[in-house]
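[1] Sequence first, then the predicted structure:
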Amino acid sequence: MPETRTNRLVIAITGASGAAYGVRMLELLKPEDVETHLVISKAGERTISEELDKTSKEIKALADVVYPAADIGAAIASGSFKTMGMLIAPCSVKTMGEVRTGLTSSLISRAADVMLKERRRLVLMVRETPFHLGHLRTMTALSEMGAIIMPPMPALYAKPKTIDEMVTYTAVRALDLFGLDVGDINRWGEGGEGK
């Protein structure tokens, strides 16, 4: 019988600004013993072309498994496919709303729905500002359902010198939520604060 891997992590990139977060996570996980499963929405492809100096093809090469966003029959759409959980980085308000309602129209929202029903970790790096009451209520409902809402906010006490350092810090902190220690960052209380 084949061995079942549970050190799989699903990463999704949607059309919100901040595709660099999902890409950095893939880069950080590449040397680790974690099998990455990637989905990029059509709008995420557009954001990548607008924001990054990488092509979608280069980003997909960082993942172990890549799925088309419309493939609702993919392995990650089933609860029987074991994973550590899922990160949506960045998470658009549209995707967040689909996950909240359970009306899943894509593989990303279906896979996120699976994480919730299977009680697996789901981290949504929601990218919108400012939030209106509907956004806040959606985030509250998702938190009550078991999701972790983690807007990518910079930790300025780490004294980042570049955008790249801010992205890396946030990506490492998001991966911390899965028990993955993948980066040497300036953590509060470990001697780096105030430098």
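    Cool, the structure landed.

[2] what's the pLDDT at the residue nearest to residue 93 when sequence neighbours are not counted?
    Nearest non-adjacent residue to residue 93, counting by CB to CB, 6 or more residues apart in numbering: residue 128, 5.1 Å away. Where C-beta positions appear, they are placed from N, C-alpha and C, glycine not excepted. pLDDT recorded at residue 128 is 91.

[3] Over to the one 3 residues further on?
    Per-residue pLDDT puts residue 131 at 95.

[4] which element is the closest residue to it other than its chain neighbours on?
    The shortest distance from residue 131 to any non-neighbouring residue, by CB to CB, 6+ apart, is to residue 139 (7.6 Å). Residue 139 is part of helix 133-145, with elements assigned from DSSP states H and E.

[5] Burial check on the residue nearest to residue 93, number of neighbours?
    15 (other CB atoms under 10 Å).

[6] From the chain's centroid, how far away is the helix or strand where residue 66 lies?
    Following DSSP H and E, one finds residue 66 within strand 65-67. Distance of strand 65-67 from its chain centroid, counting by CA atoms, centre = their mean, to the nearest Å, is 15 Å.

[7] so what does that strand touch, helix or strand wise?
    When contacts are defined as 3 or more CB pairs under 8 Å, 6 or more residues apart in numbering; DSSP states H and E, strand 65-67 packs onto strand 35-40.

[8] mind listing what's buried in the strand it packs on?
    35-40 (16 or more other CB atoms under 10 Å).

[9] who's in contact with it?
    5, 7-13, 26, 29-30, 48, 56, 59-60, 62-69, 74-76, 83, 107-108, 111 (CB atoms under 8 Å, 6 or more residues apart in numbering).

[10] can you do 7 Å?
    5, 7-13, 26, 29, 56, 60, 63-67, 69, 76, 107-108, 111 (CB atoms under 7 Å, 6 or more residues apart in numbering).

[11] quick check, distance from it to the centre of its chain.
    Computed by CA atoms, centre = their mean, the chain-centroid distance of strand 35-40 equals 10 Å.

[12] Parallel or antiparallel, which strands does that strand pair with?
    strand 8-13 (parallel), strand 65-67 (parallel) (DSSP bridges).

[13] what comes up buried for the helix or strand following it?
    Next along the chain after strand 35-40, taking DSSP H and E as the criterion, comes helix 42-51. Residues of helix 42-51 classed as buried: 43-45, 47-48 (neighbour count, 16+ other CB under 10 Å).

[14] Repeat that for stretch 89-101.
    89-96, 98-100.

[15] could you dump it to PDB, C-alpha only?
    Extracted in PDB, the C-alpha atoms of stretch 89-101 (Å, rounded to 0.1, in the frame of the first residue of the first chain):
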ATOM      1  CA  ALA A  89      -2.000  34.300  -0.100                       C
ATOM      2  CA  PRO A  90      -3.300  36.800  -1.000                       C
ATOM      3  CA  CYS A  91      -7.000  36.200  -0.500                       C
ATOM      4  CA  SER A  92      -9.400  38.300  -2.500                       C
ATOM      5  CA  VAL A  93     -12.700  39.500  -1.000                       C
ATOM      6  CA  LYS A  94     -14.500  37.500  -3.700                       C
ATOM      7  CA  THR A  95     -12.700  34.300  -2.600                       C
ATOM      8  CA  MET A  96     -13.300  35.100   1.000                       C
ATOM      9  CA  GLY A  97     -17.000  35.500   0.300                       C
ATOM     10  CA  GLU A  98     -17.300  32.200  -1.600                       C
ATOM     11  CA  VAL A  99     -15.600  30.400   1.300                       C
ATOM     12  CA  ARG A 100     -17.900  32.000   3.800                       C
ATOM     13  CA  THR A 101     -21.100  31.000   2.000                       C
END
